[in-house]
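Student: got a predicted structure here, sequence first:
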Amino acid sequence: MRFQSAVRQAGLVVAIAALAVTAGCAKKDDSEVQANGVKLVEAGKLTVCTHLPYPPFQSKDSSGKVTGFDVEVLDLVAKDLGVEQTIIDTPFEGIKSGQDLNTGKCDAAAAGMTITEERQKVMNFSDPYFDATQAMLVKTGKAYKSLDDLKGKKVGVQAATTGRDYAKGLEKEKGLQLVEFEDLAAEQQALANGQVEAAINDLPVWTEYLKDNPGGFQVAAEFNTGEQYGFSVKKDGNPELLKKINEALAKAKQDGTYNTIYEKWIGKRPSA
């Protein structure tokens with residue numbers, strides 16, 4: 001009996017020690033609940049994940065500050081919350097998979113990200129805030145006018161994007177040789193140095209690229225994919241923040257702030 005008692009006592013000590021270790025290793029819950037009920041992963045900040053560069057939606061200016069269309073729209077949300085927006089540059093794969101939101105890396109994601117059924121399974125999207133379409137950029141003087149002209153040619157796409165998915169769906173039919181790049185800058189550089197004959201991405205990012213590189217490139221074709229961008233939050237994890245984002249979008253569209261931001265970063269809005 002004494003032996004069994006000793007064993008039970010030893011087991012109890014081990015169990016208590018294990019609980020203590022577990023408690024010590026548990027992630028500290030730093031979430032803050034605002035007066036309006038919105039949870040944030042860090043007090044006083046609206047932490048937003050993005051993948052740089054993706055101008056005109058997010059990119060660094062000459063001082064290193066991240067600016068862009070998405071940044072200014074979410075600044076409206078941060079202002080309503082009474083906090084500052086802070087931006088985390090992270091691979092797009094972690095954003096589109098929902099991992100960054102589900103692990104508490106950020107409160108929201110803003111990455112010029114198209115709302116898709118697949119992505120809606122792992123995150124909650126705001127109301128659409130931008131109508132996008134895909135486009136093909138080539139060097140000025142190239143005769144390519146459509147994907148049919150690129151049979152057997154190398155075409156650049158950005159990994160994990162809807163532009164990549166669109167091109168992938170036509171790869172065999174058009175006889176394309178797709179080359180994937182981790183980010184937009186690498187895709188742009190590949191087109192500039194002749195590594196690929198054409199590059200597919202969202203039209204607004206090519207429009208912005210043409211502003212910075214006049215004369216060297218041209219949009220050879222546009223593909224109306226009917227895409228719409230949305231901001232996202234953790235799946236079923238922060239309905240209060242999602243509501244706040246949608247309210248800020250609606251208010252901005254109503255009072256003209258959205259148009260002001262749009263014309264600053266994109267240009268004149270197309271007629272409805």
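Tutor: Ah, there it is.

Student: got the buried residues for the helix or strand hosting Gln218?
Tutor: For Gln218, the host element (DSSP states H and E) is strand 217-229. By neighbour count with 16 or more other CB atoms under 10 Å, strand 217-229 contains the buried residues Phe217, Ala220, Ala221, Phe223, Thr225, Glu227, Tyr229. Where you see a C-beta, it was placed from the backbone N, CA and C, and this is true even at glycine.

Student: which one of these is nearest to Leu249?
Tutor: Tyr229 (11.2 Å; CB to CB).

Student: quick one: residues contacting the closest one.
Tutor: Listed by CB atoms under 8 Å, 6 or more residues apart in numbering, the contact partners of Tyr229 are Gly112, Met113, Thr114, Ile115, Pro128, Tyr129, Phe130, Ala132.

Student: which of the residues you listed count as buried?
Tutor: Buried among those (16+ other CB under 10 Å): Gly112, Met113, Thr114, Ile115, Tyr129, Phe130, Ala132.

Student: what is the last one paired to in the beta sheet?
Tutor: It refers to Ala132. According to DSSP bridges, the residues that bridge with Ala132 are Glu227.

Student: swap in the one 4 residues further on?
Tutor: Residues in a beta bridge with Met136, per DSSP bridges, are Ile200, Ala221.

Student: grab the nearest non-local neighbour of the residue nearest to the spatial centre of the chain.
Tutor: Nearest to the mean C-alpha position of the chain, counting by CA atoms, centre = their mean, stands Ala111 at 2.4 Å. In space, Ala111 comes closest to Thr50 once its chain neighbours are excluded; the distance is 4.7 Å by CB to CB, 6 or more residues apart in numbering.

Student: that neighbour contacts Gly94, correct?
Tutor: No. Look at Thr50 against Gly94 with CB atoms under 8 Å: they stay out of range, at 11.0 Å.

Student: contacting residues for the closest residue to Arg164 other than its chain neighbours?
Tutor: Setting aside the residues directly before and after it, Arg164 is nearest to Val157 in space (CB to CB, 6+ apart), at 4.0 Å. Contact criterion CB under 8 Å, 6+ apart gives Gly163, Arg164, Ala167, Lys168, Leu178, Val179, Glu180, Phe181, Glu187, Ala199, Ile200, Asn201 as the residues in contact with Val157.

Student: repeat that with 10 Å
Tutor: Neighbour list for Val157: 134, 163-168, 171, 176, 178-181, 187, 196, 198-201 [criterion: CB atoms under 10 Å, 6 or more residues apart in numbering].

Student: let me know the helix or strand that it is in.
Tutor: Secondary structure here is read from DSSP H and E; on that basis Val157 sits in strand 154-158.

Student: can you name the next helix or strand after that strand?
Tutor: In the C-terminal direction, the helix or strand that comes right after strand 154-158 (DSSP H and E) is helix 162-174.

Student: go through that following helix and flag the buried ones.
Tutor: Per 16+ other CB under 10 Å, helix 162-174 contains these buried residues: Thr162, Gly163, Arg164, Tyr166, Ala167, Leu170, Lys174.

Student: now, which of those sits nearest Ala248?
Tutor: Taking CB to CB as the measure, Ala248 sits nearest to Thr162 out of the buried residues of helix 162-174, at 24.7 Å.

Student: could the contacts of Tyr229 be laid out in a markdown table, adding distance to Lys121 and pLDDT?
Tutor: Output for those, formatted as a markdown table (distance: CB to CB, whole Å; pLDDT from 0 to 100):
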| residue | distance to Lys121 | pLDDT |
| --- | --- | --- |
| Gly112 | 20 | 92 |
| Met113 | 14 | 94 |
| Thr114 | 14 | 93 |
| Ile115 | 12 | 96 |
| Pro128 | 18 | 97 |
| Tyr129 | 21 | 97 |
| Phe130 | 22 | 95 |
| Ala132 | 21 | 88 |
